[in-house]
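Q: Task: produce atomic coordinates for the following.
(chains A and B)
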Amino acid sequence: MGRRRGHRPLEFKDVGSNDGPLLVVEDLHTSFRTGRGTVRAVDGVSFSVDEGKTLGIVGESGSGKTVLSRSIMGLLPPRDVIRSGTVHFGGHELSSMGEAELRAVWGAELSMIFQDPMTALNPVKRIGVQIAESLVLHLDMDKKEAQNTAVELLRSVGIPSPEERVRWYPFQLSGGMRQRVMIAIALACAPRLVMADEPTTGLDVTVQAQILDLLADLQRERHMAVILVTHDLGVVATRADDIIVMYAGRIVERAPTRTLFADTKMPYTRALMDSIPRLADPSGARLDAISGRPPDLIHPPAGCRFAPRCQYAQDKCRESEPPLRTVGSPDHLFACWFPLVDGVSTAPAVPVTLGRTPDATVTTTSDTPEAETTP
Amino acid sequence: MPDDRELQDTGASSQLLGDRFPGMAATDEAVMAISTEHLEGDDILAKRPLGFLFWFAVTWVAIVFLAAIFANLLPLQDQNFQNYSALNQGPSTAHWLGTDDLGRDLLSRLVFGARVSLVVGFFGVAIGLIVGGTAGLISGYKGGRLDVSLNAISFIILAFPAIVAVIAIVTFWGSSLLHITIILGVGTIPLMFRVIRASSLSFAQRDFVIAAKTMGATDTRIVFREILPNVVPVMVTFSLITVAGIIVIEGTLAFLGLSVHLPTPTWGNIINEGTSNNALATNPYILMWPAGSMFLLLWSINLIGDRLRQRFDIREGLL
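A: Modelled structure (predicted):
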């Protein structure tokens, strides 16, 4: 066993020029051509992730978070996809690379943990072989060395008696164990960024916590960045450094985790938080679900996309789209005309009356938010 | 500015996830310990016995193959010698399986006939598997224009009336063993292509294939290392059925006088002789031996294939 996995990230540090963030996504658009029209699944998303940090991407089903993660990876189907924007990753521009070039990055520097451990392992291959493959491929290990490293990797993800289990097939393992194997595979070559797309959704709650803790431990140990994509705000609450909230293909709020929870600006984020059941609630308390469903991405609503479901929506919200902007702290971005302040909407309390002229709307509402806006 | 309620939220969600549950790790260990006990090593793959029928089938296949390979070394009579003093005899000590209407020994004709049938059957399938199987694997995985065109070609070939095509080709090209094998082998290519393509297609977009891709595997590697092992059970089963099919088709061609020329025996042309000139009524043994052997061989091959699949298809193994 020549190489210890833990040391490898240090070797990778020199790759590419990166004084800046590890991953920079700029104005990413991904649309799918369908029979009904063009589905704009990801619509102008920009963000960055620093080395060793964790970014949580949260949104409900259909918010575009999975398409976003696949777009960054470059894993979209070749046909009927329109893609624009740039993705810079540690000195590579992923968005302009062909599959052959991506292969050198995939696995070695950028890897992915899949949602369903039941289907993400090849059912007819021993898990040891599946782990060893990328070691042979990227790190030029010989078979024996790779096999030994696979044992070490299994040990590091908390699988007992790994010497025997390397020879097991996936069906012999439980869901939680399989997800540990998936993590071992994804981390085999010590990538700098791991994309975890709902890594715990297929697992039951007790196992979820173990897997997430394991991921966090390994991340600290190896100084990797992690993008944790999930629909569950609770999953990222204690584990992410920053959180992006997505809605209908766009970022609606982005902030450091503590700020996001302490000073939620966007009513959608607030609604997501309210829809988490709380242990402190008396039993029988009703859950605040968000009424309605996410908008049709072929014909998204004009104005703010959340407006049709937003309890504070004003005429202005339905007419013009709020830009991502900040108030005070430059880290905290949100897209809302009437952001919440201390949990209370800044929207005028005037009930919306029908038949108002657009001119009147602009004059009555424009003064409120602009006073606080910093460009 | 942060209000109390929202800070509580953060705490609550961490509690929700059982972050600070001291009991959890212990439970986990216990669960793993239990699973270790029961699933120790490869014991899990220990299976029920294969059974008498399986070994009977293996024996029969072995006998047929060995007899065909070593036919020249066996103490058999000349398969083409016509003994006019012993026409249409039933089984006896001189002729174990009897003689046909020209006084030829049926046992030696059966053994030499197996050579042709087996060569045509297995080599024909090998041609189909190598060409059609490879094309099917790639086509199912890659999709796109390649898939569309290969699909179209396979349909065109399949749409052609096979017997007419074979008659035409044999007429121009001649009907040696090699030619018959190639013709029938090429004929199975579109069949193999379709079946294996369908199977490959069903695995092409599975998560484990995409996962392999994100670990930097090339297309070639994905096709042969990720998809192929999953397709093998289908491949084996279908190949064995096709072997049977080809042997029967060779028999049909022989029946039509389009296969390997007489007097070289094949199972097909012995059956042909057994049904002509009212032989069915006067000497049913001529037909019975090759037909029975073929039936038993195909049944055995299928049974072996099936049992082996049950045993080694790990997805069905224990679930």
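
Q: how about stretch A:75-88: buried residues?
A: Within stretch A:75-88, the residues that count as buried by 16 or more other CB atoms under 10 Å in any protein chain shown are A:75-76, A:85, A:87-88. All C-beta spots, glycine's among them, are computed from the backbone N, C-alpha and C.

Q: what do you get for stretch A:251-258?
A: Result for stretch A:251-258 [16+ other CB under 10 Å]: buried residues A:251-255, A:257.

Q: any chance of the buried residues of stretch A:75-88 in TSV, with distance to residue B:119 and pLDDT too?
A: As requested, the buried residues of stretch A:75-88 are exported to TSV (distance: CB to CB, whole Å; pLDDT from 0 to 100):
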residue	distance to residue B:119	pLDDT
A:75	47	84
A:76	49	83
A:85	61	90
A:87	57	91
A:88	61	90
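
Q: restrict those to those near chain B?
A: When contact is defined as CB under 8 Å from any CB of the partner chain, the buried residues of stretch A:75-88 meet chain B at residue A:75.

Q: which one of the buried residues of stretch A:75-88 is nearest residue A:318?
A: residue A:85 (27.2 Å; CB to CB).

Q: show me where chain A has helices.
A: In chain A, the helices defined using DSSP state H lie at A:8-12, A:65-73, A:99-105, A:127-139, A:143-156, A:162-165, A:175-187, A:205-222, A:233-237, A:257-262, A:267-274, A:315-319, A:358-365, A:367-370.

Q: quick one: low-confidence parts of the chain?
A: Reading this off chain A. A:1-19, A:349-375 (pLDDT under 70).

Q: oops, chain B please
A: Within chain B, the segments meeting pLDDT under 70 span B:1-48, B:312-319.

Q: again, only this time at 50
A: Applying pLDDT under 50 to chain B flags the ranges B:1-27, B:30-44, B:316-319.

Q: List, one by one, the residues from the stretch 51-200 of chain B near chain A.
A: residue B:144.

Q: Smallest gap between the stretch 51-200 of chain B and chain A, at which residue?
A: With CB to the nearest CB, the shortest gap between the stretch 51-200 of chain B and chain A falls at residue B:144, namely 7.4 Å.

Q: For that residue, give me its contacts.
A: Neighbouring residues of residue B:144 by CB atoms under 8 Å, 6 or more residues apart in numbering or on different chains: A:78-79.

Q: hang on, the earlier thing: can you redo the helices of chain A as CSV with distance to chain B?
A: As requested, the helices of chain A are arranged in CSV below (distance: least, CB to the nearest CB, whole Å):
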stretch, distance to chain B
helix A:8-12, 15
helix A:65-73, 6
helix A:99-105, 5
helix A:127-139, 4
helix A:143-156, 12
helix A:162-165, 6
helix A:175-187, 7
helix A:205-222, 5
helix A:233-237, 4
helix A:257-262, 3
helix A:267-274, 6
helix A:315-319, 23
helix A:358-365, 24
helix A:367-370, 18
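
Q: one step back: of the buried residues of stretch A:75-88, which is the nearest to chain B?
A: residue A:75 (6.4 Å).

Q: No more questions from me, cheers.
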